[in-house]
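generate a structure from the sequence data that follows.
(chains A and B)
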Amino acid sequence: MINALRGMKDILPPQNEKFEYFIKNASRIAKNYGFEYIETPILEETVLFKRSVGESSDIVGKEMYEFVDKGGNNVCLRPEGTAGVVRCFVQNKFDRIGSVKRFFYYGPMFRYERPQKGRLREFHQFGVECFGEDSPFEDVNIILMLKDILDFFGIKYTLKINSLGCDKCLPPFRDNLVKFLTDIEDGLCDDCKRRIKTNPIRVFDCKNKNCQNLLKDAPRLGSMLCDECFESFEFVKKTLDSLAVPYEVDSNLVRGLDYYTKTAFEFVSGDIGAQNAVAGGGRYDKLVEFLGGRATAGIGFAIGIERLLDLIEPDKIEKDGYYMGALDENALSIIFKIGYKKRKKEKVEIAYKTKSLKAHLKAADKKGVRYCAVIGENEINEGKVWVKDLLKKEEYSIDIDKFSE
RNA sequence: GUGGGUGUAGCUCAGUUGGUUAGAGCAUCGGAUUGUGGUUCCGAGGGUCGUGGGUUCGAGCCCCAUUACCCACCCCA
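Below you'll find the predicted structure:
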């Protein structure tokens, strides 16, 4: 037997229905906010992610599905969606037009991690990206859209926000912090020692009490923001307040991707296990330039679809459509033909073998359809179809022509 | 990469200190006299007990290895 690879799942009923339902409504909401659907390739040049997500990140450092293709290109399955959209933006020279562009997308992402609850090697994201808009109104706008999507599906969450600073205030802060951490390195846990090099801000998140004690006097990002970043962050908070959107400022909120600047946010849920981030995003004003385009502001988010689907209650299945069956050999070809016609308007399932009326009703019930339509000897003689409404328990006979029109 | 847990029927699981032919519920299929469903009753099919070794007169049960899945660390959506 051949099994799916570790961490890769088939999308089956009833999950498939939830998946479609989510895509349909998330897309509708994104369109209401002026975003357009785009698709970018699942396979990209490896260097795209090395340059954008960052070589120091875990995602690029150890989680990518990388290989050399037959043309000798170093390629990889995308581990996230933003880089590809930015590449597309630059390649199509949208950066030269100078107008605001808003895109949304969804599809599979791949990361070679150890699977656990809420973490798969192939998973799906729904994401949006906005280019060319540096107003902090857009930061709020993006958060509101994400909130609208989660609210639509009735999901409970906590919104966490933070400012990561920009290329003016973040590097000096990082240098200070690394200097501080290096001085106390001997007392830190192994994970934190590693973080000094990989992602120093992460140390604030460490669960080790000893580390937390040592960090009491560490420099804090909030106090290091430059005027521009500070004002921008204040504006975002003030605007969220004015809209009565609850949030928590989490100074430990760090995005694992190198390209984020200024506003960062995450929607977390306590109901889906340790991997509690349902959606996350933020601003990345330097990324377009970094990937060879003209300096263009950018901001976006991504939703982990599987994680979100875990939080949606399965819909009550409503009975709809027809089941059609024959009691008589001669009726088989008749129901096949009128079933074909009926399908122009309705969902129709056709049984290819004759059965007793009882067996047909039983089968129709099992299929979850609303109506059971049957033709037997009597109906052939009269040119009619016998139909039973399984919900109302009413039955009637109708002319075949009328039934299938 | 590191830890912990679990592998018995399609699914969820029982299975005594090791002892005859491995069980239940659900699901599937068939039946309960003539063309009336869900919820009743009866019956049937379906298992190399994850895999490979070992101990034993005898292993689903004990030991070792291996593999898959789950959960957590880490990391992230």
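
ok, the residue in chain A positioned nearest to RNA strand B - contacts?
Taking CB to the nearest atom of the strand, RNA strand B has its nearest neighbour within chain A at A:G256, 1.5 Å off. For every residue, glycine as well, the C-beta is placed using N, CA and C. Listed by CB atoms under 8 Å, 6 or more residues apart in numbering, the contact partners of A:G256 are A:57-59, A:199.

cool, A:N74 as well?
A:45-47, A:66, A:68 are the contacts of A:N74 under CB under 8 Å, 6+ apart.

mind doing that once more with 10 Å?
Contacts for A:N74 (CB atoms under 10 Å, 6 or more residues apart in numbering) come out as A:45-47, A:50, A:66-68.

what does A:V85 give?
Counted by CB under 10 Å, 6+ apart, A:V85 has contacts A:38-40, A:101, A:103-105, A:127-129, A:131, A:298, A:300.

tell me the secondary structure for it?
helix (DSSP: H, G, I helix; E, B strand; the rest coil).

and A:V369, by the same measure?
coil.

picking that back up, give me the subset of the contacts of A:G256 touching RNA strand B.
When contact is defined as CB under 7 Å from any atom of the strand, the contacts of A:G256 meet RNA strand B at A:57-59, A:199.

most neighbours out of these, which is it?
Among these, the one with the most neighbours (other CB atoms under 10 Å) is A:S57, at 22 neighbours.

would you confirm that that residue contacts A:R51?
No. With contact defined as CB atoms under 10 Å, A:S57 does not reach A:R51; the gap is 11.6 Å.

for A:I23, give its distance to A:A30.
A:I23 is 10 Å from A:A30, where distance means CB to CB, to the nearest Å.

who touches both of those two?
With CB under 10 Å, 6+ apart as the test, A:I23 and A:A30 both reach A:106, A:126.

who has more neighbours, these two?
Between A:I23 and A:A30, counted using other CB under 10 Å, the more crowded position is A:A30 (24 against 14).

which SSE is the more buried one in?
Using DSSP states H and E, A:A30 sits within helix A:15-32.

any idea of the mean pLDDT for that helix?
Averaging pLDDT along helix A:15-32 yields 94.

check whether it contacts RNA strand B.
No. Helix A:15-32 stays clear of RNA strand B (CB under 7 Å from any atom of the strand), getting no nearer than 13.0 Å.

please enumerate residues in contact with that helix?
Contacts of helix A:15-32 (CB under 10 Å, 6+ apart): A:9-12, A:35-37, A:102-106, A:124, A:126-128, A:145-146, A:148-153, A:303, A:305-306, A:308-310, A:312-315, A:317.

tell me the first helix or strand C-terminal of it.
Past helix A:15-32, the next helix or strand by DSSP H and E is strand A:36-37.

from the contact counts, what lies against that following strand?
helix A:15-32, strand A:101-110 (3 or more CB pairs under 10 Å, 6 or more residues apart in numbering; DSSP states H and E).

buried deepest among those, which one?
strand A:101-110 (a mean of 21; mean count of other CB atoms under 10 Å).

quick one: it to chain centroid distance?
A distance of 8 Å separates the centroid of the chain from that of strand A:101-110, by CA atoms, centre = their mean, to the nearest Å.

the helices in the stretch 1-150 of chain A, which residues?
In the stretch 1-150 of chain A, the helices defined using DSSP state H, counting those that start in this stretch lie at A:15-32, A:46-49, A:58-62, A:82-91, A:94-97, A:136-152.

so how far is the first one off the chain centroid?
Relative to the mean C-alpha coordinate of its chain, helix A:15-32 is positioned 10 Å out (CA atoms, centre = their mean).

using PDB, list the CA coordinates for that helix.
What follows is helix A:15-32, C-alpha atoms only, in PDB (Å, rounded to 0.1, in the frame of the first residue of the first chain):
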ATOM      1  CA  GLN A  15     -13.600  18.700   5.600                       C
ATOM      2  CA  ASN A  16     -13.900  19.400   1.900                       C
ATOM      3  CA  GLU A  17     -17.200  21.200   2.300                       C
ATOM      4  CA  LYS A  18     -15.700  23.400   5.000                       C
ATOM      5  CA  PHE A  19     -12.700  24.100   2.800                       C
ATOM      6  CA  GLU A  20     -14.900  25.300  -0.200                       C
ATOM      7  CA  TYR A  21     -17.100  27.300   2.100                       C
ATOM      8  CA  PHE A  22     -14.200  29.100   3.600                       C
ATOM      9  CA  ILE A  23     -12.600  29.900   0.300                       C
ATOM     10  CA  LYS A  24     -15.800  31.200  -1.100                       C
ATOM     11  CA  ASN A  25     -16.600  33.600   1.700                       C
ATOM     12  CA  ALA A  26     -13.000  34.700   2.500                       C
ATOM     13  CA  SER A  27     -12.700  35.500  -1.200                       C
ATOM     14  CA  ARG A  28     -16.000  37.500  -1.200                       C
ATOM     15  CA  ILE A  29     -14.800  39.500   1.800                       C
ATOM     16  CA  ALA A  30     -11.400  40.200   0.200                       C
ATOM     17  CA  LYS A  31     -13.100  41.400  -2.900                       C
ATOM     18  CA  ASN A  32     -15.300  43.800  -0.900                       C
END
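
what angle do that helix and helix A:136-152 make?
150 degrees (axes from the mean of the first three to the mean of the last three CA atoms, to 10 degrees).

about what we covered before: export the helices of the stretch 1-150 of chain A to TSV and tack on distance to A:L120?
Shown next, in TSV, are those (distance: least, CB to CB, whole Å):
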stretch	distance to A:L120
helix A:15-32	13
helix A:46-49	19
helix A:58-62	14
helix A:82-91	19
helix A:94-97	32
helix A:136-152	20
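
quick one: which of these is nearest A:E346?
The closest of the helices of the stretch 1-150 of chain A to A:E346 is helix A:15-32. By CB to CB, the value is 18.7 Å.

picking that back up, from the contacts of A:V85, which is closest to A:S269?
For the contacts of A:V85, the closest approach to A:S269 (CB to CB) belongs to A:G127, at 18.2 Å.

any idea how many residues pack against the closest residue to the closest one other than its chain neighbours?
Among residues not flanking A:G127 along the chain, A:A302 sits closest, at 3.9 Å (CB to CB, 6 or more residues apart in numbering). Close neighbours of A:A302, defined as other CB under 10 Å, add up to 21.
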